[in-house]
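*Asks:* A predicted structure for the sequence below; I have some questions about it.
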Amino acid sequence: MPSSFDPFARPAFYADAAVDELARGRADLAVELAERELKIRLGWSSDDVARLESVLAVLHGQHIRGELPEPVLRAHIDYLGSYYGELIRRLHGGRWGIGRLYTDTAPAVQLGSDEGISVFPIFKVRMRIEHGARADISMDYSELAQKLKIRKRGSRESARAAKVIRPRKVYQLRHDNGDFDAGVTKDGRQLLMSFFWSGITAIFFDSEGNLLGHEIRPLPMPPPTHPNGVQYQTKEFDAAVKLAIDQWKSELGFKAEPIRVRRFQSQELGLGIDDRPWHFEEFLKAPEALEPDEKERARTWEHIEDWERDGSFVLYWGNALWVNGAGVVTSS
């Protein structure tokens, strides 16, 4: 049984005016800091990426020698990360906001349209200061600029995606996967049901597969909890949950059988369906930009073509479940 709700396992970006204002202000202060403390003049051209790398190299040395107290280190990361992001934004256009990948969120810059590239400059700067030259900012920027260049002129392979993609209208989910209960109620509604730490959750669809809504019932007993706060399952707890689920099924006149639903998303619950994993979606936008190596790119195309031929999809249900066209969970 899934143990917790997770957000959709794909990148997301949300423009945020407050983040924009804060980042721009910190970027200007970073320019002053670099000149005052390190005698390095930062500006707003691509040449300044190398100068920023010099600043971060100095800070890395101070960090590994233990010369940067934690509050000072954090300030350098925030200010110089904001400068790096604002430099990228000024050079290539874009906007500040909050980026999300899996459960992590951080200030980010999105370059291009809503389907553009999102970068996490503060994270990049932290990695450079803490881990040294292997996280070189000049190399990071060079790779980013190359991706943007390819995307701007248009990938010669981008038209291939239109031939590969197979739109789906309905998605089959079998009743015997073990990750959830699937079936039909006595009044003809289709149903997905499962246990999460937040409660026993049922999602209802009409006979055509359209989302009707959901209901959450409290767990029959408090889940056991370790002293460190982590919840866990025991035989007694699992038996109580199973009994509660069976009683609810009985009320609904539930019959276990495969169901066919339309694509849905519930941001409130973190549950839903996507046609393909986010890394496939990112690749399809600009194959050459995401994977410059021709052999690796060909291998990714093969994986995507196999996925599409099979009619596979992703069900976000506690975590990302890969489901084939027959409704069987193949990976999680």
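*Replies:* Nice, thanks for sending it over. Source: prediction; values computed, not measured.
*Asks:* for the residue of the chain most remote from its centre, give its distance to Val58.
*Replies:* Residue distances from the centre of the chain (Cα atoms, centre = their mean) peak at Lys39, which lies 39.2 Å from the mean C-alpha position. Distance of Lys39 to Val58, computed by Cβ to Cβ, to the nearest Å: 10 Å. No exception for glycine: its C-beta is placed from N, CA and C like everyone else's.
*Asks:* just the helices in the stretch 101-250 of the chain please.
*Replies:* When assigned using DSSP state H, counting those that start in this stretch, the helices of the stretch 101-250 of the chain occupy the ranges 121-131, 137-153, 158-164, 235-252.
*Asks:* which helix or strand contains Pro71?
*Replies:* Here Pro71 sits within helix 70-92, counting by DSSP states H and E.
*Asks:* buried stuff in that helix?
*Replies:* Buried positions in helix 70-92, judged by neighbour count with 16 or more other Cβ atoms under 10 Å: 73, 75-89, 91-92.
*Asks:* where does this structure dip in pLDDT?
*Replies:* Within the chain, the stretches with pLDDT under 70 are 1-11, 101-103, 113-115, 150, 152-156, 158.
*Asks:* would you mind giving the domain segments of it?
*Replies:* Structural domains annotated on the chain: 12-153, 157-169+264-332, 170-261, as defined by automatic domain parsing.
*Asks:* check contacts around Ile273.
*Replies:* By Cβ atoms under 8 Å, 6 or more residues apart in numbering, Ile273 lies in contact with 171, 261, 263-265, 313-316.
*Asks:* er, Asp16 I mean
*Replies:* Listed by Cβ under 8 Å, 6+ apart, the contact set of Asp16 reads 96-98.
*Asks:* quick one: it from Arg309, how far?
*Replies:* Using Cβ to Cβ, we find Asp16 at a distance of 40 Å from Arg309.
*Asks:* report how many residues lie close to the closest residue to Gly183 other than its chain neighbours.
*Replies:* Distance criterion Cβ to Cβ, 6 or more residues apart in numbering; nearest residue to Gly183, sequence neighbours excluded, is Ala256 at 4.3 Å. A total of 14 residues lie near Ala256 under the criterion other Cβ atoms under 10 Å.
*Asks:* kindly report the same for Gly272.
*Replies:* 17.
*Asks:* for Thr201, same thing?
*Replies:* Using other Cβ under 10 Å, Thr201 has 22 other residues around it.
*Asks:* now do it against Asp181, distance only.
*Replies:* In this view, Thr201 and Asp181 are 11 Å apart by Cβ to Cβ.
*Asks:* identify the contacts common to the two.
*Replies:* 193-194.
*Asks:* show me what contacts Gly272?
*Replies:* Shown in contact with Gly272 (Cβ under 8 Å, 6+ apart): 8, 263-266, 315-316.
*Asks:* what of Leu29?
*Replies:* Under the criterion of Cβ under 8 Å, 6+ apart, the neighbours of Leu29 are Tyr79.
*Asks:* what's the answer for Ile165, then?
*Replies:* Shown in contact with Ile165 (Cβ under 8 Å, 6+ apart): 284, 308.
*Asks:* that older thread, which residues does the residue farthest from the centre of the chain contact?
*Replies:* Counting by Cβ under 8 Å, 6+ apart, Lys39 has no contacts.
*Asks:* give me phi/psi at it?
*Replies:* Torsion angles at Lys39 (phi, psi; degrees, to the nearest 10) stand at phi 60, psi 30.
*Asks:* re the thing from before, the helices of the stretch 101-250 of the chain: which one's closest to Ser331?
*Replies:* For Ser331, the closest of the helices of the stretch 101-250 of the chain is helix 158-164, at 20.4 Å, according to Cβ to Cβ.
*Asks:* I'd like to know which elements that closest one is packed against.
*Replies:* helix 278-285, helix 287-290, helix 294-310 (3 or more Cβ pairs under 8 Å, 6 or more residues apart in numbering; DSSP states H and E).
*Asks:* for the longest one, C-alpha coordinates in PDB please.
*Replies:* Taking C-alpha atoms only, helix 294-310 is exported to PDB below (Å, rounded to 0.1, in the frame of the first residue of the first chain):
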ATOM      1  CA  GLU A 294      23.800  10.900 -30.700                       C
ATOM      2  CA  LYS A 295      23.900   7.300 -29.400                       C
ATOM      3  CA  GLU A 296      22.200   8.100 -26.100                       C
ATOM      4  CA  ARG A 297      19.600  10.200 -28.000                       C
ATOM      5  CA  ALA A 298      18.800   7.200 -30.300                       C
ATOM      6  CA  ARG A 299      18.500   5.000 -27.200                       C
ATOM      7  CA  THR A 300      16.000   7.400 -25.600                       C
ATOM      8  CA  TRP A 301      14.000   7.500 -28.800                       C
ATOM      9  CA  GLU A 302      13.700   3.700 -28.700                       C
ATOM     10  CA  HIS A 303      12.500   3.900 -25.100                       C
ATOM     11  CA  ILE A 304       9.900   6.500 -25.900                       C
ATOM     12  CA  GLU A 305       8.700   4.700 -29.000                       C
ATOM     13  CA  ASP A 306       8.300   1.400 -27.000                       C
ATOM     14  CA  TRP A 307       6.400   3.400 -24.400                       C
ATOM     15  CA  GLU A 308       4.000   4.900 -27.000                       C
ATOM     16  CA  ARG A 309       3.400   1.600 -28.800                       C
ATOM     17  CA  ASP A 310       2.400   0.000 -25.600                       C
END
